[in-house]
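Undergrad: structure of the sequence below:
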Amino acid sequence: DDLLDYTADQTALGPVVDAVVDSLGRMIGDAPLVALSEAVHGGEEILEFRNQLLQYLIEQKGFTAIAVESGLVEGRCVHDYVRGGPGEAAEVAAKGLNWGFDAFRQNHALIEWLRAYNSNARVRRKINLYGFDTSGTPSSHRRYWSNEVSLGSVLRYLRSVDAAAHGIFEQRLSALLEYSRFHFRQALGPVSYGHLT
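TA: Residues are numbered from 1 along each chain as shown. From the prediction side, this is the model:
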């Protein structure tokens with residue numbers, strides 16, 4: 001498991017991985033944006049390599065932002081954590097990563113590495129971690145998915161800037177919140193997204 005783990009001691013494959021990363025670095029050149037893909041969600045080797053490449057891009061190329069396929073709204077707590085905010089990595093990952101991505105130790109390792117990197121007083125430009133996907137439900141609520149997190153965030157913001165509008169929209173949305181729940185593989189009962197007309 002640790003053959004490509006940048007947090008582990010270098011193994012026999014370390015020089016090979018370093019050579020691949022250096023080669024990619026030359027291909028990237030001075031590009032201001034780098035997009036990574038993966039052959040399968042949750043592949044350990046892919047995530048290990050991703051972490052090593054991200055570390056290289058930050059330390060050697062000066063990148064300061066990472067965007068991951070997770071919810072825009074709920075990902076804020078992960079962003080805050082890597083910038084020194086409160087919490088524990090596992091708790092923050094469960095609240096801030098969607099689709100079960102908190103289950104992968106490589107995502108925990110990335111979050112912890114970013115927090116440690118940002119805590120170094122010599123680092124002038126701190127690294128930000130963002131979710132860019134449509135908001136869903138944090139992994140900590142595995143029973144179902146929904147838009148409750150994003151709608152709740154909008155309502156809380158609206159309450160802070162326009163109490164009258166908040167009252168109107170809260171009344172309109174409250175009946176729909178239960179219907180925003182869905183599950184990919186099973187019925188959730190008589191009240192769920194599939195029952196909306």
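Undergrad: from the centre of this protein, give me the residue that's furthest out.
TA: Most distant from the centre of the chain: residue 164, at 33.6 Å, with distances by CA atoms, centre = their mean.
Undergrad: can you show me the strands along this structure?
TA: Assigned by DSSP state E, the strands in the chain fall at 65-71, 128-133.
Undergrad: please work out which of the ones you listed is packed deepest.
TA: Neighbour counts (mean count of other CB atoms under 10 Å) averaged over each of the strands of the chain peak at strand 65-71, with a mean of 19. To be clear about C-beta, it is placed using only N, CA and C from the backbone, and glycine gets the same treatment.
Undergrad: coming back round to it: for residue 155, see how far away the residue farthest from the centre of the chain is.
TA: Distance, residue 164 to residue 155, using CB to CB, to the nearest Å: 13 Å.
Undergrad: neighbours of the residue lying closest to residue 101 once chain neighbours are set aside, just the number please.
TA: Leaving aside its chain neighbours, residue 101 sits nearest to residue 107 (5.6 Å; criterion: CB to CB, 6 or more residues apart in numbering). Residue 107: 22 surrounding residues under other CB atoms under 10 Å.
Undergrad: again with residue 92
TA: Counted with other CB under 10 Å, residue 92 comes out at 23.
Undergrad: would you confirm that it contacts residue 110?
TA: No. The pair residue 92 / residue 110 is not scored as a contact, 12.0 Å apart, by CB atoms under 8 Å.
Undergrad: helices along the chain, start to end?
TA: 14-28, 44-61, 76-82, 89-96, 105-119, 148-161, 163-177 (DSSP state H).
Undergrad: got the end-to-end distance for stretch 180-196?
TA: In terms of CA to CA, to the nearest Å, the two terminal residues of stretch 180-196 are separated by 9 Å.
Undergrad: tell me the buried residues in it?
TA: For stretch 180-196, burial by neighbour count (16 or more other CB atoms under 10 Å) applies to 180, 181, 182, 188, 192, 193.
Undergrad: so for it, mean pLDDT?
TA: The average pLDDT within stretch 180-196 is 74.
Undergrad: any idea how far the least confident helix or strand in the chain by mean pLDDT is from the chain center?
TA: Within the chain, confidence by mean pLDDT, DSSP states H and E is lowest for helix 14-28 among all helices and strands, at a mean of 84. Centre-to-centre, helix 14-28 and its host chain are 25 Å apart (CA atoms, centre = their mean, to the nearest Å).
Undergrad: do the same with stretch 118-135
TA: Stretch 118-135 sits 11 Å away from the centroid of its parent chain (CA atoms, centre = their mean).
Undergrad: remind me which residues of the chain are low pLDDT?
TA: For the chain, the stretches with pLDDT under 70 are 1-13, 135-145, 184.
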